[in-house]
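Enquirer: Sequence and predicted structure, then a few things I'm wondering about:
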Amino acid sequence: MRKGRKPLLDLRPSVARTTGLEPATSGSTVRYSNQLSYVPTFGAGILASPQEDASACPSNPPSRGPPSASSKQTQDFHPNYGYKSRPPNQGWTADIHPNYSERGMRGYRSGGPVPVCCISPSKRSESLNPPSYGDAEPRFPSLAHYHVNLHLGNLNLPGTPTWVLSVDGMAPEGPNLSHWPGNRTPADFKADLSTGICLGFARAPLDQRLQFLDGATVVVNDHYDTDGFLSLLAVLHPEIALEREELLLEAAATGDYQSFHGQRGFAIDRIVLNLAGERSPIRGEFEGLSGSDKDHARYRWLLDHAVEILDHPEQFAALYQDELDLVEQQLQDSTIACRNLGHCGLARVTSPGPVHRVVLNTLAGSCYRVLHTQSKPGATRYRYHDRTESWFEVQSFSPPPRLDLSILADELAAMEELTRADTGTGGQWCLDPPDEPVPELYHGIPSQQAYGQISRALTPSGLTPDSVETLFTRFFSESS
């Protein structure tokens, strides 16, 4: 808000709501390891909750469940995305796969339509076909009258005003629609994802949107990712975004939370990510560009071709298919197991080798602290990370707060010195500060992390898996 003006909307942060998200490994995507006794059962698209190791972190779990019926909100409650309207099923023909019952299917009231979130791998060609939006009665027949005077801008271009609408990120001045830490999003629009926030803005009455914009005519994003693209799409082209709301939320969640929310959501996120990469058929469009100029050009292209990308992602299969195959293969790999270590929000994933970050987070379910142990005879490697859900401002669930792990890192390093095996590979326990989007604590070579990727080399540790698990669970139990 400009200096001296009375606030037009309540800018106080809303109270976060908790939901009935399942414990680790019920997180809706996996065929459980043969070593586990968790058997998925099906009813209303929800998997049964696995048993937990309650002795690991003895504390009471937070209360779960949607808000009461007396809530002021009038839209349907969704456990992952807060309050929003439910899109009708409009001809997207696919069936629900028993190994991939999605978190996105939960929380819908009985009798409502079940969103088609996960598709059987055997029907991939069917699953990547577009929904038949064109055959249905328009859900928003008066959208043409709802458009506001907004156009895409770039803060680094000369002549760009300083009073702008910033989405999924923050400009120094002007209205803001974002779930980033420190955002200025009004309480009326709060949601778990910036895309969800901007969809709420797009649905709001025209006078409320104009009042909130307060004269802003330029919309900007200060970085490049899927949530940013879809946030821009929602405010600039609501007629496209609102008809595909569920798909937009799946793609945005895939990118920001690095977890699996269905094949289409994964495909769209990777198309955005790899749009200017070596395998992209349109990489020439961005040749010679870098930094914010490249980001701006990619956003312009995506906005111009949004329907093509959202409804026909298979045209860009080279940008996602190999990675999608790897993720699906690992999600069904019985040698990759996950265990929820009590109620301290920690999940331990064990495997014989590297595991994709999307797979780690998906297996962890509603545990937002993840310890990955790679065990081979004579060589065990460790990597811990906090998931991004505890970095962003979310509304419909409550990740545990970030902690400074310096004391834990020092304990691990001290034990390593006492028990170090002669591995010949070097390495040490390395720690990121907790305000990083994805802070890691790992044994390996000190290096910078590539955002959203597992990019640091691990080296074998001399510590046993049980001793490392004990240190982690004790630390989180005592810190809770």
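Expert: Thanks, I have it.
Enquirer: Can you check the pLDDT for the residue nearest to F316 when sequence neighbours are not counted?
Expert: Nearest residue to F316 in three dimensions, chain neighbours excluded: I271, at 4.8 Å (Cβ to Cβ, 6 or more residues apart in numbering). Backbone N, C-alpha and C define where each C-beta goes, glycine included. With respect to pLDDT, I271 scores 98.
Enquirer: What's the separation between I271 and E411?
Expert: Distance, I271 to E411, using Cβ to Cβ, to the nearest Å: 43 Å.
Enquirer: cool, H372 as well?
Expert: Counting by Cβ to Cβ - H372 and E411 are separated by 19 Å.
Enquirer: Next: R184.
Expert: For R184 relative to E411 (Cβ to Cβ), the value is 40 Å.
Enquirer: To what extent is the residue nearest to F316 buried, counted in neighbours?
Expert: I271: 23 surrounding residues under other Cβ atoms under 10 Å.
Enquirer: where does it fall, helix, sheet strand or coil?
Expert: Using DSSP: H, G, I helix; E, B strand; the rest coil, the structure places I271 in helix.
Enquirer: That one: what's it in contact with?
Expert: By Cβ atoms under 8 Å, 6 or more residues apart in numbering, the contact set of I271 is I309, P313, F316, L319, Y320.
Enquirer: Show me which pair in those residues is furthest apart.
Expert: Taking Cβ to Cβ, the two most distant members of the contacts of I271 are I309 and Y320; they sit 11.3 Å apart.
Enquirer: secondary structure class for the closest residue to L289 other than its chain neighbours?
Expert: Once flanking residues are discounted, L289 sits nearest to A297: 5.5 Å by Cβ to Cβ, 6+ apart. Judged by three-state DSSP, the three-state class of A297 is helix.
Enquirer: Ok, L310 next?
Expert: Strictly by three-state DSSP, L310 counts as helix.
Enquirer: I'd say it and L247 touch.
Expert: Yes - using Cβ atoms under 8 Å, L310 is in contact with L247, at 6.3 Å.
Enquirer: what's the overlap in contacts for those two?
Expert: Common neighbours of L310 and L247 (Cβ under 8 Å, 6+ apart) are I268.
Enquirer: if you skip the residues just before and after it, what's nearest to N149?
Expert: T217 (5.2 Å).
Enquirer: these two touch, right, that neighbour and L152?
Expert: No - between T217 and L152 there is no contact under Cβ under 8 Å: 10.9 Å.
Enquirer: between the two, what contacts are shared?
Expert: Counting by Cβ under 8 Å, 6+ apart, nothing touches both T217 and L152.
Enquirer: For D410, the count of nearby residues, please.
Expert: By other Cβ under 10 Å, 12 other residues sit near D410.
Enquirer: what do you get for H356?
Expert: By other Cβ under 10 Å, 19 other residues sit near H356.
Enquirer: which residues of the stretch 301-450 of the chain fall in helices?
Expert: Here the stretch 301-450 of the chain has its helices, by DSSP state H, counting those that start in this stretch, at 306-311, 321-331, 357-364, 406-419.
Enquirer: tell me the mean pLDDT for the shortest one?
Expert: Averaging pLDDT along helix 306-311 yields 97.
Enquirer: from here on, count from 32
Expert: In the new numbering, first residue 32, that becomes helix 337-342.
Enquirer: Determine the set of other helices and strands touching it.
Expert: Other elements packing on helix 337-342 under the criterion 3 or more Cβ pairs under 8 Å, 6 or more residues apart in numbering; DSSP states H and E are helix 269-272, helix 294-304.
Enquirer: Put together CSV for the ones you listed, with distance to L436 on each row.
Expert: Shown next, in CSV, are these (distance: least, Cβ to Cβ, whole Å):
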stretch, distance to L436
helix 269-272, 39
helix 294-304, 29
